[in-house]
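In: Compute the structure for the input listed below.
(chains A, B and C)
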Amino acid sequence: MTDQERKRRHLPLTRRQFIKGATLAGTGAAMAKAGVFDLGTAHAQGVGTTHFLPGPTADYQVPTLCEMCVWRCGVIAKVRNGVIEKLDGNPDHPHSLGNLCTRGQSGLMMTYDPDRVLYPLMRVGERGSGRFRRATWDEALDFTAEQMLRIRDTYGPEAMIFSSTHNLSQPLFENLLNAYGSPNYGTQRSLCFNAMITAHLLTLGIQEPARRYDGMNYIILVGRNLFEGISTSESRQLMERIAAGAHVVALDPRFTKTAAHASEWLPIKPGTDLAFLLALINVIISERLYDSWFVERYTVGFEELAAETAQYTPRWAAAICEIPEATIYRIAHEFAAAKPYAFVHPGWRTSNFINSFQTERAIAVLNALIGICPEQGDCIFADETAVTVGVPPQPPYPRITALRLDGVPWKYPLVPLKLGVFQEIRDAVLSGEPYQARGWFFSRQNPIMSIPDRARTIEAFKKLEFIVSIDIILNDSSWYADVILPEATYLERYDPVHPVGNRVYIRQPVVEPLGEARSALWIYRELGKRLGLGDYFQYVDEEDYIRQQIAPFNVSLEQFKQVGYFEVELPEEGGERRWNTPSGKVELASETLRNAGFPAVPVWEAPPEPPAGRFYLLTGKVGQHTQFATQNNAYLTQVDYHTQDLWLHPAAAAERGIADGDLVRVTSDVGQVEVRVWLTEGIRRDCVYLAPGFGHRSRGLKIAYDRGVSSSDLHVTYTDPISGSQALTQTFVTVERA
Amino acid sequence: MSHEKLTLEEREALRQQTLVKHYTANILTHWFNAFSWLLLLPTGFAILLGKAYPFVPQAWNDLVRNVFGGLAPLIKWHAIWGQIWLFVLVFNVLFGFRKYFIPFAATRMWMDKDDWRWLMIRPLQMFGLMKDKPLPPQDAYNGGQKLYSYLVLIGTFFIGVTGMIMTYSELIPTSLQWLIQWSMPIHFIAVGGVFAGVIIHVYMGAIMPEERQAFFSMFSGKVNGLYAYLHHRKWYERKMAEQAAWEDHYQRQLTAAEAAGGESPAAPEPAPTGGDR
Amino acid sequence: MAEKKRYAFVIDPARCIDCRACLVACRAEWNTPPGQTRIWVHSDGPRGTFPNLTQTYVPAQCHHCADPWCVEACPTGATFKREEDGLVLIDEEACIGCGLCVNACPYQARFRNVQTGKADKCSACFHRLAAGEQPACVATCIGGARMFGDLNDPESTVSKAIAGRAVYRPITDEVNTQPMTLYLTPPDASAVQVNPTRRDPVPAETFWHTIGLPVVKLAIAATFAGQAAAFIIQLLKGENEYEDA
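Out: Residues are numbered from 1 along each chain as shown, chains lettered A, B, ... in the order given. Modelled structure (predicted):
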């Protein structure tokens, strides 16, 4: 048995290997080396002490970057006999600080997943039958290029949809689709953080505000579940603040692990966080608790904001969000008193209700009111600074005139072009409006699991003429593809470099790829050549690409690979703080919004409520999985116990005659699932919760197949007209005993 | 025994007789077994450890473990030699089954009335009691030896089985873990039992002068007639009868051949002069 | 020999977020077979009624007790307490997988590895310690709930963590093995692998101690004494040749 097979089957090292690979770890004593006991050290228990225990040690270590989520922690991979044995957090990386989360620790099992696609596959059966044959790279790439060219020549490049998710080689994927000439690019963003980013762009001109924790004494988390939606360094910083005695308020209809650690848990009614936040603004303005220096100097629209929020009193809010008036009033005072060491967390996945955009606006405004950049000290929120690295030369992209299928900007004028509205693309495939899409090329993505209303997404996939996927395992969407191009895992390949602050980090292969898996850089270039777009991929190989990226800096690739990163001196930022908004200031009132026909200041928008007998269907991460990608990981499935059940309050269960552990039928307007129920006091009576990512239907995933149920079966598609964000919690369900 | 009936001449005549008591294969097996015990017993005791098993002094544990370079090598060597020991014994029994084991078992194992009586008298005699009481006649092995053979056979069986279980414990699923758990005390008790027998065996075989012939026979395979007559009368008499019968038979053949006037018959099988039967 | 270390785990349940990264880190480090684990994080549902709830998560592993019952139970000494630092370790090559230690541990910290057939448990990643690293679970702990170090070193993480704080040992009146895990909050009484329970020895073990050992000792002592007496008598009375018999 090879070591790879051993790792795949979770088998320990054989004893011979154990000793072969061993140094004198653990005992250290020279006596151990000689294999002789030291008579003088016999223990009181009557035990000789100098035992020779080898322990699993490594042949060599490689610094690289994690890709189990998009946080990209630094990893040190330990290798023995050509097999990755262990991943450790790199203490020299600001995102890991020496730690790795659950998923990061399990990363090597992605490489040694027994269900990996190791050779290019081409479909031979009906689409969705899962019948593929092994093909050569040339065959698969030639066929893909031929189909893409046929679609472009027959229907125009816009008939080809491209989609991908946050990753380091995404710029190359975007190169491919821009050069090909398609405007249709889907990302996960509208299912995730559109509301947060759009609101912060419009208010602060910052799209992903980096959070600063040091010294913070008062933190309000609006649904941000940092101890389950883990970003290693940020989760750690929050815990450091909690341990240091900071006051943390957790707004969540569910008693999450973050709520368990918060100073207070406010089980707010879903969708009404906006009312709570507006009431805080009301108190802070009406009682002049804000930072007047900052407001006068750096903001516009204060008067309008004050006028609008005058009506949103704590009493008004209490009736809506079901948090006592006194609590709201107290928190407003405490929060303002803690300034500038206080902030409301902007959140991350904020695709909850159609009013989520307003919620995010209220957060941005609230933070601005208490002085996001205090007179002395750094700004609490700022865009992450990063070094600009080199790029290979390339010709300009062709001009694209076709409408975007996702409705940006002709239907969603304020959605940033790069965010898009993913779920609209699926609907456009089904409706054929404004034109019929014919092909779909997705990389590192699983739209069938991630877009709400899975049945419709599958329908859309079946309507297409050609589907190609770049994947590591046969995920649910690849199951419907015509061609699957196997990608090397993050531990087997190079990716474009990753600048963080004043450092540039490298992802590099730790071991050779299994089978014929190849890096995305290689795949894009090979495909580009066959599409006649070779000029957009001017690099010989992966190392050449990275050499061109680091050309501006005085560092060799060998050095870079050895250390894992290099540092660059960033120019000092000087002068008056400028905000990247049309007015150059923090826009408490936004002219952009007003001009597009939306309210300029945050306003109350009532979210829809479930009719009698129905529940809000809550979603939210568990700490053991990343979205829809890790459910086949053999290590994670060992520790994701208690994550696949439906949460239900015992009182609501009693009304329906449901007991703990019963199988229940959950029905929404678009689908139905049967799932086991967990009765807990930790959820509001009007809510149920189902963790996302389970219930895979691809038989190519032996572990994940049919394990748990998918909330994508239940989610109804609703899109926020301002941010394009999907409203995931606006799905209402009935629950009955199955 | 009625040795007083023997005259000096008779004694001398008997002393001149030589009987084969043990086959070479059995002699080798015996000493191999003895040597194995010499290795396995001290190493085995040195494996046992812990406050809960205060059987041997800590110093002994330390000493033996040091000699072998640690506990794990000690266990390994104990297991390896144990398996060689077991293999040789099982091999000998299997391949010598018809030639050695069956006749051995037939005369050695069966306890008759005389054996039991011997067992009641002989131990007391060792302490100087019942000196005048005559011992009943014995076959090739006396009652004590017969009883000891049961002990050794059964003990060896349990030691072997439990030893193999412990050696290959990795292959035993946890649901059958009780097998390993029971193997340890059974192994221990079996060894202890046999060892208790060994103490008597060694004393009587090697130290006690009355059985000195038996001790030397374990090297040469032979005993003299006097010893056989005095200590194993039944066996001696059986051997003599067999000898006489064989001589008779040979004589008849010779006579018949002479009468026919032909040549002498081909040399017949030699006389069954001894061995463990 | 250098100055002795006194290794201990210090666990702050208030900092545990139940992310289970430690469980995966341990699994990856030791290739623990599926379905088995060397370490745990205990949680038993939220307590109280909505909305007044509390919940803590209690990490646990082998406590590397100062008075380890497992070491006492081991018939071979395959499990031992390391003199120089107090770690309770298993010499797999000397282990015959009998499981007496598994049964003896009042914390259920041990199990029989289904693949190796050997006793298995937390070894505090002794090989990582030797390389100057922290145990895998401690190194990866995001919340900082798991800490490990030398109590004899006042500068160690654990010494600093417990300085001036009340610490709780998971012991009862009945069971005190002097566990070397110090909790910074009182461990939840219901967490089985945190709090100890004494278990009866397995039947074979009882048999061994109550019958096996005394019988064998008696048998050997009796035969030896008998033969010795005979020998003395023989010496006193002078030697008899067989021919005199």
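
In: so the closest residue to chain A within chain C is in which element?
Out: In chain C, the residue found nearest to chain A is C:H127; the distance is 2.7 Å by CB to the nearest CB. C-beta: built from backbone N, CA, C; applies to glycine. Using DSSP states H and E, C:H127 sits in helix C:126-130.

In: So which bits of that helix are buried?
Out: Using 16 or more other CB atoms under 10 Å in any protein chain shown as the test for burial, helix C:126-130 gives C:F126, C:H127, C:R128, C:L129, C:A130.

In: next helix or strand past it?
Out: Heading C-terminal from helix C:126-130 (DSSP H and E), you reach helix C:136-140.

In: Which elements pack onto that next one?
Out: On a contact count with 3 or more CB pairs under 8 Å, 6 or more residues apart in numbering or on different chains; DSSP states H and E, helix C:136-140 meets strand A:83-89, helix C:21-30, strand C:146-150.

In: export the ones you listed to TSV and tack on distance to A:I370, mean neighbour count and mean pLDDT?
Out: Below are these laid out as TSV (distance: least, CB to CB, whole Å; neighbours: other CB atoms under 10 Å in any protein chain shown; pLDDT from 0 to 100):
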stretch	distance to A:I370	mean neighbour count	mean pLDDT
strand A:83-89	34	24	93
helix C:21-30	34	28	95
strand C:146-150	35	24	96
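
In: what's the closest of these to A:T256?
Out: A:T256 lies closest, by CB to CB, to one member of those: helix C:21-30, at 17.0 Å.

In: Give me the contact list for that closest one.
Out: Identification of contacts with helix C:21-30 by CB atoms under 8 Å, 6 or more residues apart in numbering or on different chains yields A:12, A:56, A:85-87, A:99-102, A:104-106, A:108-109, A:623, A:635-636, A:638-639, C:32, C:37-41, C:59, C:120, C:122-123, C:125, C:128, C:136-142, C:146.

In: now these: which count as buried?
Out: Buried members of the contacts of helix C:21-30, counted by 16+ other CB under 10 Å: A:12, A:56, A:85-87, A:99-102, A:104-106, A:108-109, A:623, A:635-636, A:638-639, C:32, C:37-41, C:59, C:120, C:122-123, C:125, C:128, C:136-142, C:146.

In: Tell me if the top helix by length along chain B is near chain C.
Out: The helix that spans the most residues within chain B, counting by DSSP state H, is helix B:233-260. No. Judged by CB under 8 Å from any CB of the partner chain, helix B:233-260 stays clear of chain C, getting no closer than 11.3 Å.

In: Can you give me the neighbour number for B:I154?
Out: 13 (other CB atoms under 10 Å in any protein chain shown).

In: Quick check: it vs B:Y53, distance?
Out: Distance, B:I154 to B:Y53, using CB to CB, to the nearest Å: 24 Å.

In: what's the answer for A:R288, then?
Out: For A:R288 relative to B:Y53 (CB to CB), the value is 80 Å.

In: can you give me the helices for chain B?
Out: For chain B, the helices defined by DSSP H cover B:8-16, B:24-47, B:58-68, B:71-95, B:102-108, B:113-126, B:143-167, B:177-202, B:212-220, B:225-231, B:233-260.

In: The fourth one to helix B:24-47, inter-axis angle?
Out: For the pair helix B:71-95 and helix B:24-47, the angle between their directions (axes from the mean of the first three to the mean of the last three CA atoms, to 10 degrees) equals 160 degrees.
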